[in-house]
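Chemist: From the sequence below, what's the structure:
(one chain, ligands or ions: 1)
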Amino acid sequence: MSSYQDLKEQAYLANMQLPKLNLVLFTFGNVSAADQQRGVFAIKPSGVPYEELSVEKMVVVDFDGITVEGDLRPSSDTKTHAVLYKNWPEIGGIVHTHSTYATAWAQAQRAIPIFGTTHADHLTADIPCAPPMEDEMIKGDYEYQTGFQIINHFKNLGLNQREVEMILVGNHAPFTWGKTAEKAVYNSAVLEAVAQMALLTEQINPAAPRLQASLIEKHYQRKHGAGAYYGQS
Ligand SMILES: O=C(CO)[C@@H](O)[C@H](O)COP(=O)(O)O
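Modeler: Prediction:
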């Protein structure tokens, strides 16, 4: 039995949730589960349909994206996952999908405004959208650069990756994360639902206002305790 068996099982079970939640088609997307102490993560193999996945097929790589265990090629997004794990030691799971509504907002290069309490129940900030990659980043190591595009956008907005566990990458698609792969999958499903609600909200009323700051603050304090400072942009 692999010394990474538990990690591979976490990654496998999380990957199998994506088609169940209608977040992926065919071989789109990928999930990884990390062991921050050992500096490795297990990730879906590239191009393998979900119905053909197994625990054994999960590929284990280190935080430089180098394969540690596994015969199959790791996901093409492996370096993006690796950059995030290396720079954000609090996270233990990452999901990348091309879910329809979140990807539509990413292609439109727009952050998802906080229109209602459904959104505020999960995060009290607009869901950020990182700018599309510059040509020289695309011509370089695209997946590696995508990781830094995410990190730098969070720094520029002053966002905390423990508070906001999701992002859209302009002209690409969403990435979510969490302390576990299971939480990252949950965040991907929440993101897709909020993205659909926000699109419909703007279609029904193009002038729909954002949720009142007082209600955003109330949701923030529900999560962080009364009197907690609501400092989100
Ligand atoms: O973002 C992309 C393609 O744009 C990838 O996430 C694919 O959707 C899945 O690639 P593999 O994980 O199978 O390599």
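Chemist: contacts and neighbour counts: CA atoms only from here.
Modeler: Noted.
Chemist: quick one: least confident helix or strand in the protein?
Modeler: helix 135-139 (a mean of 86; mean pLDDT, DSSP states H and E).
Chemist: can you list contacts of it?
Modeler: Under the criterion C-alpha atoms under 8 Å, 6 or more residues apart in numbering, residues Gln145 lie in contact with helix 135-139.
Chemist: And what about Leu159, helix, strand or coil?
Modeler: Secondary structure assignment for Leu159 (DSSP: H, G, I helix; E, B strand; the rest coil): coil.
Chemist: elements contacting whichever helix in the chain runs longest?
Modeler: In the chain, assigned by DSSP state H, the helix with the most residues is helix 181-204. Helices and strands touching helix 181-204, as assessed by 3 or more C-alpha pairs under 8 Å, 6 or more residues apart in numbering; DSSP states H and E, comprise helix 5-20, strand 30-35, strand 93-96, helix 100-107, strand 166-169, strand 174-178.
Chemist: Out of these, the one nearest Val194 is which?
Modeler: Using C-alpha to C-alpha as the criterion, the shortest distance between Val194 and the helices and strands packed on helix 181-204 is 8.4 Å, found for helix 100-107.
Chemist: Let's test this: mean pLDDT of the helix or strand following that closest one, rounded?
Modeler: Scanning forward in sequence from helix 100-107 by DSSP states H and E, the next helix or strand is helix 117-120. Mean per-residue pLDDT for helix 117-120: 96.
Chemist: now swap in stretch 80-89 and tell me
Modeler: For stretch 80-89, the per-residue pLDDT averages 98.
Chemist: What are the contacting residues of it?
Modeler: By C-alpha under 8 Å, 6+ apart, the list of residues contacting stretch 80-89 from outside reads 32, 34, 36, 62-65, 91-92, 94, 143-148, 151, 161.
Chemist: For the residues you listed, which PyMOL command selects only the ones that are buried?
Modeler: To isolate the buried members of those in PyMOL, using 16 or more other C-alpha atoms under 10 Å:
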select buried, resi 32+34+36+62+63+64+65+91+92+94+143+144+145+146+147+151+161
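Chemist: Doesn't Lys155 lie inside a helix?
Modeler: Yes: the assignment for Lys155 (three-state DSSP) places it in a helix.
Chemist: Begin at 652, not 1, for the rest of this chat.
Modeler: All set: I'll call the first residue 652, so the last point we hit is now Lys806.
Chemist: How about the contacts made by the residue nearest to Arg861 when sequence neighbours are not counted?
Modeler: If the residues on either side of it in the chain are set aside, Arg861 comes closest to Phe766, at 4.5 Å by C-alpha to C-alpha, 6 or more residues apart in numbering. Under the criterion of C-alpha under 8 Å, 6+ apart, the contact partners of Phe766 comprise 849, 852, 859-862.
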